[in-house]
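Enquirer: Quick one, structure for this:
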Amino acid sequence: MIRVLIVDDHAVVRTGLTQLLATSDELELVGAARDGEEALSIVEDLRPDVILMDISMPRLDGIAATRRILERLPETHVLVLTSFSDQSRIVEAIQAGAEGYLLKHAEPDQILAGIRAVAEGGLPLDPIVARALLTARRPPAAVTLTDREREVLGLVRNGLPNKLIARKLGISERTVKAHLSSVYQQLDVTDRTQAALWAAEHLDEPAS
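Expert: Residues are numbered from 1 along each chain as shown. Sure thing, here's the model as predicted:
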């Protein structure tokens, strides 16, 4: 069961998300907060697996709240769910530690899938958000990766966490991390999100 905390200053959004989560047997709503300050006051008691985080809120916004929550609970996953699609806010949220970024016009199934994806180490991004991030920072296109590094990177692009990548390729998680460290260095990126975005633009899809 994936434990979820909703953080949004609009009551109608909190109600709608509460009803949406109730449709899934995999998800459990453990609480709801009206802003970042309230989220900070309850998150350590609730210890959610995933936080659905709005960006624009009174007292403490979602970006600052994400940064402060992850300092206390680094194992928690934050999925931003907001109306803001401007590049600067997207980049700020990812830099603060958010692992996914969806817009509120997303379909209900996309939101549910996004929650499951971040809980498993995936990278759910709205296509508008992905384009904005690629525009914000484009790593060098001339990169020489080994076949194994390209395999690992392709699986990161597909949203697989290290454990599943290791199982699929028949290697250890430590080896997966070593390959990713090499990939990050060559691409001049610092995290899975940026690497996955590079892969989406530069790696060919595997033949079926």
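Enquirer: In the longest helix along the chain, which residues are buried?
Expert: In the chain, assigned by DSSP state H, the helix with the most residues is helix 173-187. In terms of neighbour count (16 or more other C-beta atoms under 10 Å), helix 173-187 has its buried residues at 175-176, 179-180, 183-184, 186-187. To be clear about C-beta, it is placed using only N, CA and C from the backbone, and glycine gets the same treatment.
Enquirer: and which of those is nearest to residue 87?
Expert: Nearest to residue 87 among the buried residues of helix 173-187 is residue 187, at 19.7 Å by C-beta to C-beta.
Enquirer: I'd like the distance between that closest one and residue 176.
Expert: Per C-beta to C-beta, to the nearest Å, residue 187 is found 16 Å from residue 176.
Enquirer: Residue 30: what's it in contact with?
Expert: 3-5, 46, 48 (C-beta atoms under 8 Å, 6 or more residues apart in numbering).
Enquirer: Can you check my assumption that it lies in a strand?
Expert: Yes: applying DSSP: H, G, I helix; E, B strand; the rest coil, one finds residue 30 inside a strand.
Enquirer: what's the pLDDT at residue 207?
Expert: pLDDT, residue 207: 41.
Enquirer: oh sorry, the question was meant for residue 194
Expert: pLDDT at residue 194 comes out at 81.
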